[in-house]
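> predicted coordinates and the sequence they were generated for:
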Amino acid sequence: MPQVTIYTDGGASGNPGPGGYGVVLLSGKHRKEMSGAFRMTTNNRMELLAVIIALEELKFKGTDVTIYSDSKYVVDAVSKGWVFNWVKKNFKDKKNSDLWKRFLKIYSDHKVKFVWVKGHAGNELNEVADRLAVHAYQDGDLKVDEAYEATIVD
């Protein structure tokens, strides 16, 4: 099975506000960068979506994956097993359940290990993922995060 290393980052300008995600996938000599952006979202949604997008990009089930993220929200939710308890409670009172459900569908297809890295601390590929995320929402085509915007009460 191939081994894949992934660096992810997400952010929002304002929280909520316009936001984006960035992904760097590495496998052998291959490297792929991806990003996307939304007109109204949160940093946690973008952090989680970056991981989802990266995992959905993998071509082979059972891939050994190491994901580097500066998001305690994502890393701790999985590494400490919180998300699996949320499932048992049907995500009662939990934000981003739409994304967590999407994550769990793809997560179980692979052997995923999370590593938390400190953000903005000179980790080269984490910085690349950060730049991808920021450029996506500053310069990109902003999509509608329909699931998030449906929760906003005027």
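Nice, thanks for sending it over.

> I figured residue 102 hits residue 52, correct?
Yes. Using CB atoms under 8 Å, residue 102 makes contact with residue 52 at a distance of 5.5 Å. Just so you know, the C-beta spots here come from the backbone N, C-alpha and C atoms, and that holds for glycine as well.

> neighbour count winner among the two?
residue 52 (21 against 18; other CB atoms under 10 Å).

> which strand or helix spans that one?
According to DSSP states H and E, residue 52 maps onto helix 43-57.

> which other residues reach that helix?
Residues from elsewhere that reach helix 43-57 (CB atoms under 8 Å, 6 or more residues apart in numbering): 6, 8-12, 15, 19-23, 25, 32, 34, 36, 38, 65, 67, 69, 71, 73-74, 95-96, 99-100, 102-103, 106-107, 109-110, 112, 129, 133, 145, 148.

> among these, which lie within helices?
Secondary structure from DSSP state H places 73, 74, 99, 100, 102, 103, 106, 107, 129, 133, 148 of the contacts of helix 43-57 in helices.

> so which bits of the lowest-mean-pLDDT helix or strand in the chain are buried?
Using mean pLDDT, DSSP states H and E, the weakest-scoring helix or strand in the chain turns out to be helix 146-149, at a mean of 94. If you call a residue buried by 16 or more other CB atoms under 10 Å, then helix 146-149 has these buried ones: residue 148.

> which other residues reach it?
Under CB under 8 Å, 6+ apart, the answer for helix 146-149 is 16, 38, 40, 41, 42, 45, 98, 99.

> what's the closest non-adjacent residue to residue 9?
Once flanking residues are discounted, residue 9 sits nearest to residue 129: 3.8 Å by CB to CB, 6 or more residues apart in numbering.

> so that neighbour sits against residue 25, correct?
No. Shown here, residue 129 and residue 25 do not form a contact pair, counting by CB under 8 Å, at 10.2 Å.

> quick check: buried residues in stretch 136-145?
Across stretch 136-145, burial judged by 16+ other CB under 10 Å covers 136, 137, 140, 142, 145.

> flag the least confident of those.
Least confident entry in these, by pLDDT: residue 140, with 77.
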